[in-house]
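S.K.: Model the following, please.
(one chain, ligands or ions: 1)
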Amino acid sequence: MEKLVIITGVNKGLGNAFFNVFLSEEKITMIAISRNFNDEQIKIKNKHVIFIKKDLSKLNNVEEELKLNNYYSSQFKEVIFINNAASINPIESIGNFDDESIVKAVQLNTIAPLLLANNIIKNNKSKRIRIFNISSGAAKRPIIGWGIYCSTKSANEMFFNTLKLQEEHNKHIEVHNLDPGVMDTDMQKNIRSKTKKIMPNVELFKEIHKTNQLKSAQEVALEIVSTYNIL
Ligand SMILES: NC(=O)c1ccc[n+]([C@@H]2O[C@H](COP(=O)([O-])OP(=O)(O)OC[C@H]3O[C@@H](n4cnc5c(N)ncnc54)[C@H](OP(=O)(O)O)[C@@H]3O)[C@@H](O)[C@H]2O)c1
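M.R.: The predicted structure follows:
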């Protein structure tokens, strides 16, 4: 069965690990939506990979800006959405954020995934739809300095839980909020670079790194792909 996988943020970290897993799968056509593509990706010429370059903090209209309708062909019996792109920035004390940085982060972390999920469901009514929202422990737990990240991740979980409830009797739609755990990516590097003043528990993240408790993005991607039989 041919599948269409739509994934955001593929040039590095977990998104890149998923990208590499799907790349070699003949039966998967992948739409990779990313603000940047890495050196290997820009050399890829494969009719099963559609690259859409987009800064998702500037997405306002999916149909006009991404033209996903061009790819929702009936040859695909299943559409999989992996909501991966996100930023932990700005890390700052509440009361010290720039307005612009709040708007940008909410656009990327929450508005873009909501727009994409709505567009996918609206335009693929007769197909099986599987949504994997890459969430975080921060969706459920406040962390000082991460006010925007925690609240956007939390908002996404509520949206996808609402979708799950709405579709509980529909066997064609499946929704998962997944916490990948701490991974050795640029996001963690960024966290470790913060001061105690802004992020009092920064030492904990340094310790997790020092004691090799971070999982690799590849390990996490493979674990998710196999647990949920995505291929
Ligand atoms: N790392 C962890 O420990 C951890 C823990 C729990 C949950 N998570 C979640 O796991 C997912 C992947 O995180 P990661 O650790 O792989 O992060 P990462 O290494 O920082 O990668 C994030 C991805 O999102 C993309 N992105 C950022 N801003 C974008 C924008 N404006 N438009 C389009 N794409 C943009 C990045 O591309 P650019 O290079 O263009 O910025 C990159 O491809 C995220 O949803 C994160 O919240 C991570």
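S.K.: host element of residue 82?
M.R.: Secondary structure assignment for residue 82, by DSSP states H and E: strand 78-83.
S.K.: ugh, typo on my part, it should be residue 171
M.R.: According to DSSP H and E, residue 171 maps onto no helix or strand at all.
S.K.: do residue 225 as well
M.R.: helix 217-227.
S.K.: go on, residue 30?
M.R.: With secondary structure defined by DSSP H and E, residue 30 is part of strand 28-34.
S.K.: Could you check how far the closest residue to the ligand within the chain is from residue 184?
M.R.: Nearest to the ligand in the chain, going by C-beta to the nearest ligand atom, is residue 13, at a distance of 2.2 Å. For glycine as for every other residue, the C-beta is placed from the backbone atoms N, C-alpha and C. Separation of residue 13 from residue 184 (C-beta to C-beta, to the nearest Å) stands at 9 Å.
S.K.: Overlap in contacts, these two.
M.R.: residue 217 (C-beta atoms under 8 Å, 6 or more residues apart in numbering).
S.K.: Pick out whichever of the two has more residues nearby.
M.R.: The neighbour comparison of residue 13 against residue 184 (other C-beta atoms under 10 Å) goes to residue 13, with 22 against 19.
S.K.: If we ignore the residues flanking it in sequence, what's nearest the residue of the chain closest to the ligand?
M.R.: residue 185 (3.8 Å; C-beta to C-beta, 6 or more residues apart in numbering).
S.K.: who's in contact with that neighbour?
M.R.: Per C-beta under 8 Å, 6+ apart, neighbours of residue 185: 12, 13, 14, 217.
S.K.: what does residue 98 give?
M.R.: Neighbours of residue 98 in contact, by C-beta under 8 Å, 6+ apart: residue 90.
S.K.: Now the phi/psi pair for it, please.
M.R.: phi -80, psi 140 (degrees, to the nearest 10).
S.K.: For stretch 54-71, list the C-alpha coordinates in PDB.
M.R.: Extracted in PDB, the C-alpha atoms of stretch 54-71 (Å, rounded to 0.1, in the frame of the first residue of the first chain):
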ATOM      1  CA  LYS A  54       9.100  27.100   4.400                       C
ATOM      2  CA  ASP A  55       9.700  29.000   7.500                       C
ATOM      3  CA  LEU A  56       6.800  27.600   9.600                       C
ATOM      4  CA  SER A  57       6.700  30.500  11.900                       C
ATOM      5  CA  LYS A  58       5.400  32.400   8.800                       C
ATOM      6  CA  LEU A  59       2.700  30.000   7.700                       C
ATOM      7  CA  ASN A  60      -0.800  31.500   7.500                       C
ATOM      8  CA  ASN A  61      -2.600  29.600   4.800                       C
ATOM      9  CA  VAL A  62      -1.600  26.000   4.000                       C
ATOM     10  CA  GLU A  63      -3.400  25.800   0.700                       C
ATOM     11  CA  GLU A  64      -2.000  29.000  -0.800                       C
ATOM     12  CA  GLU A  65       1.500  28.700   0.700                       C
ATOM     13  CA  LEU A  66       2.300  25.000   0.600                       C
ATOM     14  CA  LYS A  67      -0.100  23.700  -2.200                       C
ATOM     15  CA  LEU A  68      -0.400  20.300  -0.500                       C
ATOM     16  CA  ASN A  69      -3.500  19.600  -2.500                       C
ATOM     17  CA  ASN A  70      -1.200  18.900  -5.500                       C
ATOM     18  CA  TYR A  71       0.100  15.800  -3.700                       C
END
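S.K.: Fine by me, we can end here.
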